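Participant: How does the following fold in three dimensions:
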Amino acid sequence: MQFDAEDIHSFDLILKTKPQSLTFGRSLFSFEYRRQHYWLKTQAGNVNQSYEAGFLNELAFYQQYADQPNSSSTMPDFLLPFQVIAHLKTDAQSESGRTRPALILSHADSLLSDCSTMPLNEIKEMLLNVLHVVDQLHQLGWIHADLKQEHFVQYQQRVYLIDFEQVQEISSPQELQSLTATPRYMAPELFHAAGKTVQSDIYALGIIFYEWLTGQRLTAENYQDWAYLHCQRLNIELPEHVLIFKKLLSGMLAKQKERRFTDIYTAKQCLLTENVQ
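Facilitator: Okay, the predicted model is just below:
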């Protein structure tokens, strides 16, 4: 992917930003080029510190791979085709020369759709594929730190991971910042201000799997209710046809960190031992 920054504004850019994000300086566009669809993401400076920090963090994560030769030996295969543009004009008509960095990604489709009629072997394969991409990220020394169902996508029949605004190095744990965590997916220890870890990624992924397998989203009225749900009330109750995956979810969603799977490899091994037809 090699777009010329000067030509971007000649494309039919369609604004897709959510209203609140737009207020915070975020701009997300879709566009088409040679019958392929893409996303363009930018962030205005000096508007919202949290949004700007997240965007720059994501750019830095991608840039480390953009600086390497684009080969299978160096490019993680969980990353969509991408391009980082260091200087994109914010207004094609302006002569002021004001620019901002931008990220372009190939468009990908939603991954985890309704599984109520899927055969068990296909469900198992999907779970393994999702575990695999997170395991790759962890093996490279990173935690995603903001795993959500919508951050897993499908492109050319493969699973990919997106949105690395909160990504952080495993070797550099940070204290939890309330604005960088989504209560729906927060591990119990995060409600006690513990730092994000591999195991908090595993817990978030367990919630994603649980909601996917049950076809229902967890609900809570406020932050305090989410804390009560994750720290005390959550009980794993699966429909009969997917009950075989309860052992996996129990290991991923253990409330006490010491009893939770320590890594994705352990979760994969647990899943591989389940004999499904």
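Participant: average pLDDT across the lengthiest helix in the chain?
Facilitator: Secondary structure of the chain per DSSP state H: the longest helix is helix 120-139. Across helix 120-139, pLDDT averages out at 95.
Participant: just stretch 154-170 next, same as before
Facilitator: Stretch 154-170 comes out at a mean pLDDT of 94.
Participant: Determine how far it lies from the middle of the whole chain.
Facilitator: 5 Å (C-alpha atoms, centre = their mean, to the nearest Å).
Participant: ok, and what's touching the helix or strand following the longest helix of the chain?
Facilitator: Going down the chain from helix 120-139, the next helix or strand is strand 142-143, by DSSP states H and E. The contact list for strand 142-143 (C-beta atoms under 8 Å, 6 or more residues apart in numbering) reads 61, 137, 167-170, 196-198, 200-201. All C-beta atoms are positioned from the backbone trio N, CA, C, and that covers glycine.
Participant: go on, stretch 238-255?
Facilitator: By C-beta under 8 Å, 6+ apart, stretch 238-255 touches 115, 120, 123-124, 127, 188, 202-203, 205-207, 209-210, 213-215, 230-232, 234, 236, 260-261, 266-267, 270-271, 274, 276.
Participant: shaky segments in this structure?
Facilitator: 1, 67-74, 90-97, 173-180, 276-277 (pLDDT under 70).
Participant: and it, what are its domains?
Facilitator: According to automatic domain parsing, the chain comprises the domains 5-106, 109-272.
Participant: Mean neighbour count added to those, as a markdown table?
Facilitator: Shown next, in a markdown table, are the domains of the chain (neighbours: other C-beta atoms under 10 Å):
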| stretch | mean neighbour count |
| --- | --- |
| domain 5-106 | 14 |
| domain 109-272 | 17 |
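Participant: How far does the strand or helix carrying Ser250 sit from its chain's centre?
Facilitator: For Ser250, the element it lies in under DSSP H and E is helix 246-252. Distance of helix 246-252 from its chain centroid, counting by C-alpha atoms, centre = their mean, is 21 Å.
Participant: Following element in sequence after it, please.
Facilitator: Following helix 246-252 in sequence, per DSSP H and E, is helix 264-272.
Participant: the strands in the stretch 51-200 of the chain, which residues?
Facilitator: Along the stretch 51-200 of the chain, the stretches classed as strands by DSSP state E, counting those that start in this stretch are 82-89, 99-106, 109-110, 142-143, 152-155, 158-161, 168-169.
Participant: hang on, the earlier thing: CA atoms only for the helix holding Ser250 - export them in PDB, please.
Facilitator: This file holds the C-alpha atoms of helix 246-252, laid out as PDB (Å, rounded to 0.1, in the frame of the first residue of the first chain):
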ATOM      1  CA  LYS A 246     -17.200 -23.900  29.700                       C
ATOM      2  CA  LYS A 247     -13.800 -25.100  30.800                       C
ATOM      3  CA  LEU A 248     -12.100 -22.700  28.500                       C
ATOM      4  CA  LEU A 249     -14.100 -19.800  29.700                       C
ATOM      5  CA  SER A 250     -13.700 -20.700  33.300                       C
ATOM      6  CA  GLY A 251      -9.900 -20.500  32.900                       C
ATOM      7  CA  MET A 252     -10.100 -17.200  31.100                       C
END
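Participant: Check the separation of the first and last residues in stretch 5-17.
Facilitator: 20 Å (C-alpha to C-alpha, to the nearest Å).
Participant: In helices only, show me the contacts of strand 142-143.
Facilitator: Short answer: those in helices (DSSP H) are 61, 137, 198, 200-201.
Participant: List just the nearest of those residues to Trp226.
Facilitator: Of all the ones in helices among the contacts of strand 142-143, Ser200 has the smallest distance to Trp226: 14.2 Å, by C-beta to C-beta.
Participant: distance of the closest one from Glu165?
Facilitator: 16 Å (C-beta to C-beta, to the nearest Å).
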